[in-house]
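Trainee: Quick one, fold the following:
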Amino acid sequence: MAQTASSPPSFVIAATLAGRLYRVMRIARAMSLSASNAKGVAARAGEKAMGFRPITDFIAEMANTTIHHATKINQHALSVSRASVAAERARQARHYLQRAADRFEGGQRGTEVIARMSREADRHQEALDQDIRELIRTLSVELEEIHQTMRGANIIVTNSRTEASRAGDFRPYLESIADSVESAASDIQGEIGTCQALLEQLKKAS
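Mentor: Numbering: from 1, shown residues only. All right, here's what the predicted structure looks like:
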């Protein structure tokens, strides 16, 4: 994996990405709680919130889909971090073996042993780098899934406010829920943007 002197190590980028996705999961869980609260309010409001009830199902589905993908991305990002550490150790091992080969004066047999160990280190590093590239591709797909899910949030929020306006005394409660969903969706979009930027750093380092 290529890496410039000014860029952080790949395992640091991946660990940071995992941390961001953990925050996405927390926000999505709060969104799911908002959906549960909305169902309770809609049930109490009866016919006044009839149109709000199906919206709560969409909010819950959006939150659960986000949690699902964020959990998978978090796991993949941690796998990238671990694989990056292992790949860096393999690179260091190869470097030390090369230095040993350059300085070794123990005859042909000793040189062959070092050469064999060096080839094994090369193969191990190449396998790890391939695993990392595959994980990065998977991360990209999963992040896009969350991005597409959040694109529907504005429509849901708009419909929520429309239905809340018809709910009489329950309007403030339902509008508050719409506000919380809008805020959560905005926060998730911001985190996904940061995650995509981190993913680009990982791609450049691969």
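Trainee: so where's this structure shaky on pLDDT?
Mentor: Where the chain drops to pLDDT under 70, the residues are 1-6, 102-110, 206.
Trainee: let's see 80
Mentor: In the predicted model, the chain carries pLDDT under 80 at residues 1-7, 94-95, 97-115, 118, 121, 205-206.
Trainee: Strands along that one, start to end?
Mentor: Read by DSSP state E, the chain holds no strands at all.
Trainee: remind me, longest helix of this protein?
Mentor: The longest helix of the chain (DSSP state H) is helix 53-103.
Trainee: Counting by contacts, list what it packs against.
Mentor: Packing partners of helix 53-103 (3 or more Cβ pairs under 8 Å, 6 or more residues apart in numbering; DSSP states H and E): helix 10-45, helix 108-151, helix 153-164, helix 171-204. Where you see a C-beta, it was placed from the backbone N, CA and C, and this is true even at glycine.
Trainee: Next, the angle helix 153-164 makes with that helix.
Mentor: Using axes from the mean of the first three to the mean of the last three Cα atoms, to 10 degrees, the direction of helix 53-103 lies 160 degrees away from that of helix 153-164.
Trainee: will you turn the helices and strands packed on helix 53-103 into CSV that also has distance to Ile59 and mean neighbour count?
Mentor: Converted to CSV, these look like this (distance: least, Cβ to Cβ, whole Å; neighbours: other Cβ atoms under 10 Å):
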stretch, distance to Ile59, mean neighbour count
helix 10-45, 4, 20
helix 108-151, 11, 16
helix 153-164, 6, 18
helix 171-204, 6, 18
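Trainee: With respect to Ala90, which of these lies nearest?
Mentor: With Cβ to Cβ as the criterion, Ala90 lies closest to helix 108-151 of these, at 3.9 Å.
Trainee: Distance from that closest one to the middle of the chain?
Mentor: Remark: helix 108-151 is offset 19 Å from the chain centroid, using Cα atoms, centre = their mean, to the nearest Å.
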